[in-house]
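K.L.:
sequence below, structure please.
(chains A, B and C)
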Amino acid sequence: MSKLDKEDFTEAVYEIVRMIPYGRATSYGAIAKAISYPNMSRMVGRVMGECDSVKSSIPAHRVVNSSGILSAKEAFGNSGEMQKLLEAEGVIVVNDRIKNWKSVFWNPMKEINL
DNA sequence: CCGATGACAAGCA
DNA sequence: ATGCTTGCCATCG
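P.N.:
Residues are numbered from 1 along each chain as shown, chains lettered A, B, ... in the order given. Now for the predicted structure:
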């Protein structure tokens, strides 16, 4: 599997976020590496910010940083709406951080490699 | 100290 | 000047 095109890269990000199961979450770096882009973790977040968050059918609220911290909660409205969405899915969020993060962490590269 | 991550910023057409 | 794509540096563990 070779590196994806720029357009495919963005598309791959959407697909990966869309294939995130209920009550699961991933990190930017994981997605970036999953699509063969080690250094482009930042762009993943940028694409998300432009993806219209939830109204594009992209569960961006399931995408957090590698620490399980809701770094993008501000992109949802500063009101902790992202946290509520995660908790509504069964994900326990404490202090803007996902509890049992290791348990809710979903590995995208495992799924695409499959 | 070293390695990995990051919801950005700068450059090109 | 705007839009889209690519990449380094600083911070955290």
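
K.L.:
and stretch A:26-43, what's buried?
P.N.:
Of the residues in stretch A:26-43, A:26-35, A:37, A:40-41, A:43 count as buried by neighbour count, 16 or more other Cβ atoms under 10 Å. In short, each C-beta sits where N, CA and C put it, glycine included.

K.L.:
try stretch A:64-84
P.N.:
The neighbour-count check on stretch A:64-84 (16+ other Cβ under 10 Å) flags A:Val64, A:Gly68, A:Ile69, A:Leu70, A:Ser71, A:Ala72, A:Lys73, A:Ala75, A:Phe76, A:Gly80, A:Met82, A:Gln83 as buried.

K.L.:
with stretch A:97-112 instead?
P.N.:
By 16+ other Cβ under 10 Å, the buried positions in stretch A:97-112 come out as A:Ile98, A:Trp101, A:Val104, A:Phe105, A:Trp106, A:Pro108, A:Met109, A:Ile112.

K.L.:
could you check how far the residue in chain A that DNA strand B sits nearest to is from A:Ile58?
P.N.:
Proximity of chain A to DNA strand B (Cβ to the nearest atom of the strand) peaks at A:Ala72, 1.8 Å away. Going from A:Ala72 to A:Ile58 by Cβ to Cβ, to the nearest Å gives 12 Å.
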